[in-house]
Each structure stands twice: as C-alpha cells, then as structure tokens.
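Q: Sequence first, then the predicted structure, then my questions.
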Amino acid sequence: NNRFTFPMELDLKSVCVDIEKDEESLALYDLQSVVVHVGEYGSGHYYAYVRPDIRSDSWFRFNDHDVSKVSFHEVAKDAYGGGNRKKRKKTKKNGFWSLLFGGGGDSGWGGRT
C-alpha cells in the first residue's frame with residue numbers, strides 16, 4: 001500500500017456541470033468520519049473517528065467500548081492509508097477503509113449554509 005492523505009474539505013465545484021455562483025456551497029463537503037482497519041487482508045480490527053458536528057473541530061475515536069476525544073492531527077496521523085506501525089513487537093498495517101463527507105450546503109444535518 002502507498003501512503004494516502006485526505007482533505008478536510010472535498011470541493012466538487014470543478015466537476016459540477018453548470019453550477020451557478022449562488023449554488024457553489026452545495027458542492028463543498030466536510031470530512032465527518034473515517035473508518036480505520038488495522039491488520040491484514042481477511043483479519044484485523046476496525047475502529048472509527050467521528051466528528052459529530054461538522055461545524056466543530058471536535059473529533060472522537062470509537063474503538064469498541066473505548067471512546068476518546070482526539071484532534072484532527074491524530075486522525076490524519078493514524079488513518080493515512082498504507083505503511084506500517086509497530087505495536088507490542090508486531091508490525092500492524094494501518095489503512096483507512098472509508099471516508100464520509102457531509103454537508104453540501106444547507107443539508108439539514110449540520111451542513112454548510
């Protein structure tokens with residue numbers, strides 16, 4: 001796997017056909033959650049980083065019953081895709097499994113206005 005970084009904001013204006021100036025906010029999405037897989041193909045463990053309110057900078061790590069507040073720096077450092085990290089004498093492979101972006105203007109669930 002190659003290292004892969006991801007943006008906090010996904011701007012789709014350049015791929016939207018005939019978007020009007022007053023509709024451009026509908027093409028902007030903010031990163032809201034990241035699902036991470038640690039392990040090998042066919043086995044391992046999943047956990048998630050979630051920003052419940054995309055208008056906030058507060059992120060939380062949900063790892064089974066353990067929930068902790070983290071910074072986006074910690075999210076990006078841990079969920080980068082590709083590469084290895086050492087944990088208890090074993091090498092663990094980290095990789096994000098999915099990214100969820102929310103918003104797209106006044107979406108009714110915390111999106112941009």
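A: Good, I have the coordinates.
Q: Determine how far the last residue of stretch 45-58 lies from the first.
A: In stretch 45-58, first residue to last residue: 24 Å (CA to CA, to the nearest Å).
Q: Sketch out the low-pLDDT regions of this structure for me.
A: Under the criterion pLDDT under 70, the flagged ranges of the chain are 1-3, 81-96, 104-113.
Q: Mind doing that once more with 90?
A: 1-31, 36-45, 53-57, 73, 75-113 (pLDDT under 90).
Q: Show me the residue sitting in the middle of it in space.
A: For the chain, the residue nearest the mean C-alpha position is Val34 (3.3 Å; CA atoms, centre = their mean).
Q: After the helix or strand harbouring that one, which helix or strand is next?
A: Assigned by DSSP states H and E, Val34 belongs to strand 28-40. Scanning forward in sequence from strand 28-40 by DSSP H and E, the next helix or strand is strand 43-50.
Q: List the buried residues of that following strand.
A: Tyr47, Ala48, Tyr49, Val50 (16 or more other CB atoms under 10 Å). C-beta coordinates here come from the backbone N, C-alpha and C atoms, glycine included.
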